[in-house]
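In: after the sequence you'll find the predicted model.
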Amino acid sequence: MEHYTKTLPYELELTSRVLHEAAKCYFKQCNFPVSPEEFAILDCLYLEPDIIQIDLAKMILKGRAHTGRFLKSLEEKNFIIRKPVKQKNKTITKNIITPEGLKLYNKMREQMDKYIRETNPDINIQINDVIKLLQGIRKNCTDKFDIKFD
């Protein structure tokens, strides 16, 4: 049997941690006013404007409490507004990107896309294949072990 530190799960975890730290450094270097987690939330809200906090937490693989803190921070920075809405006899909170938040999101996305293309010109063609592969691995593990992030 292979040593655990030579396995795919371990290599993926190490790579994920390094990429997360690199993203934090890049965000700081670019003076982005949000964290990578907050940017991920803006991205999710951009793609699915009607998403509620519990589903957002599942998308970014964070607990509801962590997600709530990120949402509160984005609201304090005026990048989103949180609006209570009555829906089927209960009140849910809609998280809506403000015009300022949308402007920031588009600027950051454009700048990050350009950076990735310039620094990894040979890898761009393969990135979509790698993403699909990783999504499949994640789904298989999530389904097999009934993994939930609450």
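Out: Received, thanks.

In: from here on, contacts and neighbour counts on C-alpha atoms
Out: Noted.

In: skipping adjacent residues, who's closest to the most centrally placed residue in the chain in space?
Out: The chain has residue 40 as the residue nearest its centroid, 3.0 Å off, counting by C-alpha atoms, centre = their mean. Counting by C-alpha to C-alpha, 6 or more residues apart in numbering, residue 60 is the residue found nearest to residue 40 once chain neighbours are left out, at 7.1 Å.

In: from residue 86, how far out is the one you found?
Out: 25 Å (C-alpha to C-alpha, to the nearest Å).

In: in terms of secondary structure, what does the helix or strand containing residue 26 contact?
Out: Secondary structure assigned from DSSP states H and E places residue 26 in helix 8-29. Packing partners of helix 8-29 (3 or more C-alpha pairs under 8 Å, 6 or more residues apart in numbering; DSSP states H and E): helix 36-47.

In: buried ones in the helix it packs on?
Out: Neighbour-count burial for helix 36-47, with 16 or more other C-alpha atoms under 10 Å as criterion, is recorded at 36-46.

In: ditto for stretch 83-102
Out: Using 16+ other C-alpha under 10 Å as the test for burial, stretch 83-102 gives 93-97, 101-102.

In: ramachandran coordinates for residue 91?
Out: Dihedral pair for residue 91: phi -100, psi 130, per degrees, to the nearest 10.

In: that one and residue 84: what is the separation?
Out: 6 Å.

In: what do you get for residue 118?
Out: Residue 118 is 42 Å from residue 84, by C-alpha to C-alpha.

In: of the buried residues of helix 36-47, which pair is most distant in space?
Out: 36 and 46 (15.0 Å; C-alpha to C-alpha).

In: that older thread, got a list of contacts for the helix holding residue 26?
Out: Contact partners of helix 8-29, identified using C-alpha atoms under 8 Å, 6 or more residues apart in numbering, comprise 4-5, 34-36.

In: most surrounded residue in the residues you listed?
Out: residue 34 (21 neighbours; other C-alpha atoms under 10 Å).

In: so that residue sits in a strand?
Out: No: counting by DSSP: H, G, I helix; E, B strand; the rest coil, residue 34 is located in no strand; its state is coil.

In: let's have the chain start at 10 instead
Out: Done: numbering now begins at 10, and the last item shifts to residue 43.
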